[in-house]
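Visitor: With the sequence up front, the predicted model follows.
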Amino acid sequence: MTPPVLVFGEVHEGRVASASLEAIAVARELAGPSDPVIGFVAGSRGEAAAADFARFGVGRVLVAEDPRLDAAPVGAIAHAVTAAARSSGSSLLVAGGTTFGRELVGRLAVRWEAAVATGVTEATRVDGTLRVRRAIFGGRASETRRLEGERSAIAIRPHAFPPPVERPGALAIERVATGDLPASLMAPHRTEVKAPDRGAGPGLTDAAIVVSGGRGLRGPSEFHLVEDLAASLDAAVGASRAVTDAGWRPASFQVGQTGKAVSPQLYIAVGISGAIQHLVGMVSSRVIVAINSDAGAPIFKVADYGIVGDLFEIVPALTAEVRRARGR
Amino acid sequence: MEIVVCVKPIPEAETRLRVGADGTTFDAEGVKFVLAGYDESAVEQALLLKEAIPGSRVHVISAGPSPRTDEVLRASVALGCDLATCVDLSSANSAADPIAIARALASALATVPHDLVLCGKQAGDDEAGLVAPALGELLGVPDFGYVVDLRWDAARKLLKFQRWGESGLELWEAPTPCVIGLQQAWNDPRTAKLPAILKSRKAPIARAAPPAGPTSPSSRPERFELPPPRLGARLIEYKTPQEAAEKLVKLLREEAKVFP
Ligand SMILES: Cc1cc2nc3c(=O)[nH]c(=O)nc-3n(C[C@H](O)[C@H](O)[C@H](O)COP(=O)(O)OP(=O)(O)OC[C@H]3O[C@@H](n4cnc5c(N)ncnc54)[C@H](O)[C@@H]3O)c2cc1C
Ligand SMILES: Nc1ncnc2c1ncn2[C@@H]1O[C@H](COP(=O)(O)O)[C@@H](O)[C@H]1O
């Protein structure tokens, strides 16, 4: 029998994170027609979470049903994953672009002696050789890497692959033992989880659409124009450093060299000039729209669509049109 | 507390990237190397902890071909770090593999006292985010990435920090030793004063040999590509803001196919 391809499912409140489910399609493609794809979940609600895999056609799921893994550091999860990978005979693991998924493959590089890569946007396996493509330098370049060795573990980039397609089927759960977890890995404690505020954290880095505002908005009381547009599109909110430095919005909103790097499907820059330090954080977005009153603003050089005009007129009209077009 | 900060030299943001001669990586000729962005946050965080915990030292380590390593080590010393070590990785191959770098850093750490190892959550050149978790595994300690705030609870002898997890901002408590990957400065990193910069030119840099033996399995860059240049925006012609909005929504929906 050919070795199965293992998909890591990051569990949150009994559900597999949607970014983890994006890994299923990639695993299927790498597995080839005859190799099975199997899932892995950990924690006291692992069995419930396994149903999410079955919903997307992954019927065989390894479950490390262990309450110690509910709020454990990624190092402990790496132990459980390695044990599961060994018991299933798998030689390839695919993780979604979740925060743990990306860190997990770093631990597996050592624990499971795997060749690894993160932020993968394309993956192919020809005659057993795994090659991946990934964006580097904040999206200003890309590279192809060859993973060498018997085992490999990759984390894909969020939104880089189409969402998984539902094909509900039967579910067969296989319990896997976690075994001993070193005390050093179990000493840290997660004491609390706060839901992210809009525009901050992975909400911003992982959003499919980002609307960012710049100094052109003139002040903190006008910034809601950007937030309203974002809300109409279900988008995350970003800002230029001019905005965060002036304290109109917190530093967690900042996009750019010293802020967050984003690469959504759609990035809308409102009243942002397009300084190089801002561009390096967003230029790898798939489609860029710029709204600026100065036709010579550098942002128009990287944008796909531009509206030269007064944002105070354009943005409210755009928000209204988006709401109308989406029927809300 | 003995604090170690791992710092990576990367091309400064303004660099015009070019494809290198063998096509596998960028052309480093004439490129100015600086501290990776998140590493600035890590250095700042280390210095804040040092100021808060009496008797602490900050040791910066960089692995790679010198002199670019020495540049960022001196820059860190100018900011207030106490000791500097370079792991000389002249072989371009291991310098291009984050796991080989983690192994080099771990081997140097065998002789460097460390209660806390700080890294950037990912370097702005390879964007891998692999060194901190691999280092944690090599040192046999936990690692935490995406950390945005880190404090020391002196009474309970615990690190307290916040990190971005998949479902929000997580609050953690952890004993030392551990490895932390910092996301970004929540307070502006300090800048070095001129006398400190001049003094750092003569700061001693300890040299550590890279680990012997092969580091396989590994990942090897085969091709470095630059995206085709963007052609510039298609400007939307309009008479009223409503018309501009309608045209843009239509383009996003029908042409770009990104309208939700
Ligand atoms: C080391 C370093 C790191 C940096 N890191 C970052 C970073 O991470 N992120 C970042 O963003 N910046 C960063 N910067 C700052 C960067 O250089 C720019 O200063 C900043 O991006 C400018 O922000 P802005 O575009 O909002 O403001 P401005 O450059 O002032 O642009 C405002 C724009 O609004 C337009 N405008 C004005 N009024 C209207 C209107 N009524 N309607 C429509 N348009 C209007 C103007 O035409 C102008 O183009 C960094 C700088 C340095 C030196
Ligand atoms: N060559 C290096 N020398 C020292 N530290 C490094 C090196 N490469 C990476 N690091 C550290 O690891 C972090 C993440 O790098 P990476 O895994 O390459 O994205 C960086 O921000 C540094 O803190």
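Guide: Everything's here; your move. Numbering: from 1, shown residues only, chains lettered A, B, ... in the order given. Ligands and ions are numbered 1, 2, ... in the order given.
Visitor: all strands of the stretch 151-260 of chain B, in order?
Guide: Counting by DSSP state E, counting those that start in this stretch, one finds strands in the stretch 151-260 of chain B at the ranges B:158-165, B:168-174, B:178-182, B:206-208, B:218-225, B:234-235.
Visitor: out of those, nearest to ligand 1?
Guide: Proximity to ligand 1 (C-beta to the nearest ligand atom) singles out strand B:234-235 among these, at 13.7 Å. All C-beta atoms are positioned from the backbone trio N, CA, C, and that covers glycine.
Visitor: From the rest of the structure, what touches the closest one?
Guide: Residues outside strand B:234-235 that contact it (C-beta atoms under 8 Å, 6 or more residues apart in numbering or on different chains) are A:A295, A:F300, A:D304, A:Y305, A:G306, A:I307, A:V308, B:L251.
Visitor: Now tabulate the residues you listed in JSON lines and tack on pLDDT and neighbour count.
Guide: What follows is those, written out as JSON lines (pLDDT from 0 to 100; neighbours: other C-beta atoms under 10 Å in any protein chain shown):
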{"residue": "A:A295", "pLDDT": "95", "neighbour count": "11"}
{"residue": "A:F300", "pLDDT": "96", "neighbour count": "24"}
{"residue": "A:D304", "pLDDT": "96", "neighbour count": "22"}
{"residue": "A:Y305", "pLDDT": "97", "neighbour count": "22"}
{"residue": "A:G306", "pLDDT": "97", "neighbour count": "23"}
{"residue": "A:I307", "pLDDT": "97", "neighbour count": "29"}
{"residue": "A:V308", "pLDDT": "97", "neighbour count": "20"}
{"residue": "B:L251", "pLDDT": "96", "neighbour count": "19"}
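Visitor: Show me the residues you listed that map onto helices.
Guide: A:F300 (DSSP state H).
Visitor: now, the most widely separated pair of the contacts of strand B:234-235?
Guide: A:A295 and B:L251 (18.4 Å; C-beta to C-beta).
Visitor: so what's residue 253 scoring on pLDDT?
Guide: As the question left the chain open, I've gone with chain A. A:F253 is assigned a predicted lDDT (pLDDT) of 91.
Visitor: that answer is for a different chain, and I need it for chain B
Guide: Turning to B:R253, the model gives it a pLDDT of 95.
Visitor: next one: phi and psi at the spatially closest residue to it that is not a sequence neighbour?
Guide: Of all residues not flanking B:R253 in the chain, B:F259 sits nearest, at 3.9 Å (C-beta to C-beta, 6 or more residues apart in numbering or on different chains). Phi and psi for B:F259, reported as degrees, to the nearest 10, are phi -80, psi 130.
Visitor: Run through the residues that contact B:F259.
Guide: Here B:F259 is in contact with A:A325, B:V249, B:L252, B:R253 (criterion: C-beta under 8 Å, 6+ apart).
Visitor: Please give me every residue in contact with the residue of chain A found nearest ligand 2.
Guide: Residue nearest to ligand 2 within chain A: A:G106 (7.3 Å; C-beta to the nearest ligand atom). By C-beta under 8 Å, 6+ apart, the contact list for A:G106 reads A:116, A:118, B:98-99, B:102, B:129-134, B:136-137, B:143.
Visitor: Check the gap between it and B:S219 for me.
Guide: A:G106 sits 12 Å away from B:S219, taking C-beta to C-beta, to the nearest Å as the criterion.
Visitor: so of the contacts of A:G106, which ones are in helices?
Guide: Using DSSP H, the members of these that fall within helices are B:P98, B:I99, B:A102, B:V131, B:A132, B:P133, B:A134, B:G136, B:E137.
Visitor: Quick check, the fifth one in contact with B:D143.
Guide: Just to be clear, that refers to B:A132. Yes. Contact criterion C-beta atoms under 8 Å: B:A132 and B:D143 qualify, at 5.2 Å.
Visitor: name the element the residue in chain B that ligand 1 sits nearest to belongs to?
Guide: Residue nearest to ligand 1 within chain B (C-beta to the nearest ligand atom): B:A13, separated by 7.4 Å. If you go by DSSP states H and E, B:A13 is not part of any helix or strand.
Visitor: Isn't it up against A:L279?
Guide: No. In this structure, B:A13 is not within contact of A:L279 by C-beta under 8 Å, at 9.3 Å.
Visitor: Can you pull the residues that touch both of A:G106 and B:S219?
Guide: In contact with both A:G106 and B:S219: A:V116, B:I99, using C-beta under 8 Å, 6+ apart.
Visitor: I'd assumed B:A84 was in contact with B:R74.
Guide: Yes. In this structure, B:R74 is within contact of B:A84 by C-beta under 8 Å, at 7.4 Å.
Visitor: Need the residues touching each of those two.
Guide: Shared contacts of B:R74 and B:A84 (C-beta under 8 Å, 6+ apart): B:A203, B:I205.
Visitor: confidence score at the residue of chain B closest to ligand 1?
Guide: 83.
Visitor: now it: how far from chain A?
Guide: Distance, B:A13 to chain A, by C-beta to the nearest C-beta, to the nearest Å: 5 Å.
Visitor: And that residue, how far from A:A31?
Guide: Plainly put, B:A13 is 39 Å away from A:A31 if you go by C-beta to C-beta.
Visitor: Let me see the ranges of the helices in the stretch 1-150 of chain B.
Guide: B:37-52, B:68-79, B:92-95, B:98-109, B:131-139 (DSSP state H, counting those that start in this stretch).
Visitor: Make JSON lines out of those helices and add distance to A:R134 and mean neighbour count.
Guide: Shown next, in JSON lines, are the helices of the stretch 1-150 of chain B (distance: least, C-beta to C-beta, whole Å; neighbours: other C-beta atoms under 10 Å in any protein chain shown):
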{"stretch": "helix B:37-52", "distance to A:R134": "18", "mean neighbour count": "22"}
{"stretch": "helix B:68-79", "distance to A:R134": "23", "mean neighbour count": "23"}
{"stretch": "helix B:92-95", "distance to A:R134": "17", "mean neighbour count": "18"}
{"stretch": "helix B:98-109", "distance to A:R134": "12", "mean neighbour count": "25"}
{"stretch": "helix B:131-139", "distance to A:R134": "16", "mean neighbour count": "28"}
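Visitor: Which of the ones you listed sits closest to ligand 2?
Guide: Proximity to ligand 2 (C-beta to the nearest ligand atom) singles out helix B:131-139 among the helices of the stretch 1-150 of chain B, at 3.2 Å.
Visitor: ok, now which ones touch A:A117?
Guide: So A:A117 contacts A:V105, A:V132, A:R134, A:R145, A:L147, A:I154, A:A155, B:A128, B:S219 (C-beta under 8 Å, 6+ apart).
Visitor: Next step: these restricted to helices.
Guide: Mapping the contacts of A:A117 onto helices (DSSP H) picks out A:V105.
Visitor: from the contacts of A:A117, which is closest to ligand 1?
Guide: Nearest to ligand 1 out of the contacts of A:A117 is B:A128 (C-beta to the nearest ligand atom; 20.3 Å).
Visitor: wait, doesn't the closest one sit right on A:V120?
Guide: No. Contact criterion C-beta under 8 Å: B:A128 and A:V120 do not qualify, at 11.0 Å.
Visitor: the domain parsing of chain B - what is it?
Guide: Chain B is divided into the following domains under automatic domain parsing: B:2-208, B:230-260.
Visitor: Pick the most buried one from those.
Guide: Mean neighbour count (mean count of other C-beta atoms under 10 Å in any protein chain shown) peaks for domain B:2-208 among those, with a mean of 20.
Visitor: That one spans what distance, first to last residue?
Guide: End-to-end span of domain B:2-208 (C-alpha to C-alpha, to the nearest Å): 18 Å.
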